[in-house]
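**Q** let me see the structure of the following:
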Amino acid sequence: MKSEINLNSAMSLAKDYLEFTKENVFLTGKAGTGKTTFLHVMKKTLSKRKIITAPTGVAAINAGGVTLHSFFQLPFTPFLSNNNELHSQHRLNKENIKIINSIDLLIIDEISMVRADLLDAIDAALRHYRKAKLPFGGVQLLMIGDLYQLPPVLKNEEWGLLKNHYGWECPTPNNSQLGYSRCNTRHTATEKPNYLVY
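**A** Numbering: from 1, shown residues only. You can find the predicted model right below:
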């Protein structure tokens, strides 16, 4: 029999915030501080309807969820357009729309790997399909991750597009002062994902 997991005072406060408010929560901490444990406790104990997502397949598997791109059916290219253009080109299936309209909480694990434009696309999708003007369509967010860990993965030309759109400097292999480098990856899928809403 598994023993009960005791949350520290900060995590207990975050749990109460998630359970009893509609406020968004950003949970961070160094490796080994219990972020994943907290995620699994929230998955089991929160009464809100939720979906667990992450930016990569490995992170989604570790979190017990699905990737952001697969759930929201988003392209891998930067999202720099208006809401109408996104939804005229990328429509969600009926199952995902039903889930979007039923959830109270969107959990995003490994938030450090999520680009600003991806958050904008998720916001646009949630507002559009929930027919709500509130940020993220009124869905509460739990964002989990350590911003000092893995950065978003992009090609150099995509960094340039985001820099021009958002107006900030992006580190490139020739201009990195943060001490990390990026590598390009490929996404492959072999079967239709099974979305679990808890």
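
**Q** only C-alpha atoms for contact and neighbour calcs from this point on.
**A** OK.

**Q** next, give phi and psi for Thr53.
**A** Backbone geometry at Thr53, expressed as degrees, to the nearest 10, gives phi -130, psi 170.

**Q** right, and it touches Ile107 too?
**A** Yes - contact criterion CA atoms under 8 Å: Thr53 and Ile107 qualify, at 5.9 Å.

**Q** and those two? which has more neighbours close in?
**A** More crowded of Thr53 and Ile107, by other CA atoms under 10 Å: Thr53, with 27 against 24.

**Q** check which residues of the longest helix belonging to the chain are buried.
**A** Looking across the chain with DSSP state H, the single longest helix is helix 116-130. Buried residues in helix 116-130, counted by 16 or more other CA atoms under 10 Å: 117-118, 120-130.

**Q** where does the protein have low pLDDT?
**A** Scanning the chain for pLDDT under 70 picks out 1-5, 81-90, 167-198.

**Q** that one: strands as residue ranges?
**A** Assigned by DSSP state E, the chain shows strands spanning 25-27, 50-54, 66-67, 105-109, 140-144.

**Q** the third one pairs with which strands, parallel or anti?
**A** According to DSSP bridges, strand 66-67 forms sheet pairs with strand 50-54 (parallel).
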